[in-house]
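1. next come a sequence and a model predicted from it.
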Amino acid sequence: QVQLVESGGGLVQAGGSLRLSCSASGRTFSNYAMGWFRQAPGNEREFVGCISWFGSNFDYADSVKGRFTISRDNPKNTVYLQMNSLKPEDTGVYYCAATTTWSRQSFAYNSWGQGTQVTVSA
């Protein structure tokens, strides 16, 4: 498995931006498609978006489409989540995850980071 560490979370006002990073180690990074998920208190973990092995394909949840952008830098073993026009409902713990398939389903991902908190104030 690949080990993942997220960073970049914090507190931001509605309408602001944040960029999350997820650094990978342990296995060949380009062997994995990468996903971002989030979980708000009392809610199930939900899919945010994913990026293919070499960054040519993307999939986003409707709730973030047009506001969030995922990118990756394979030589740096890092995937990013750029979040713009943030809303209070974007608040939650954000997780990056790795999969050898292509899926929106959390069960398809077998490596997860510890999560980073994003709080958007109204």
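-> Noted; the coordinates are in hand. Numbering: from 1, shown residues only.
2. with adjacent residues omitted, what lies nearest to Gln13?
-> Leaving aside its chain neighbours, Gln13 sits nearest to Ser121 (5.4 Å; criterion: Cβ to Cβ, 6 or more residues apart in numbering). In short, each C-beta sits where N, CA and C put it, glycine included.
3. can you count the residues close to the one you found?
-> For Ser121, the count of nearby residues is 11 (other Cβ atoms under 10 Å).
4. next: Asn31.
-> That count, for Asn31 with other Cβ under 10 Å as the rule, works out to 10.
5. so it touches Thr100, yeah?
-> Yes: Asn31 is within contact range of Thr100, at 6.6 Å (criterion: Cβ atoms under 8 Å).
6. now list whatever residues contact both of the two.
-> Counting by Cβ atoms under 8 Å, 6 or more residues apart in numbering, Asn31 and Thr100 have no shared contacts at all.
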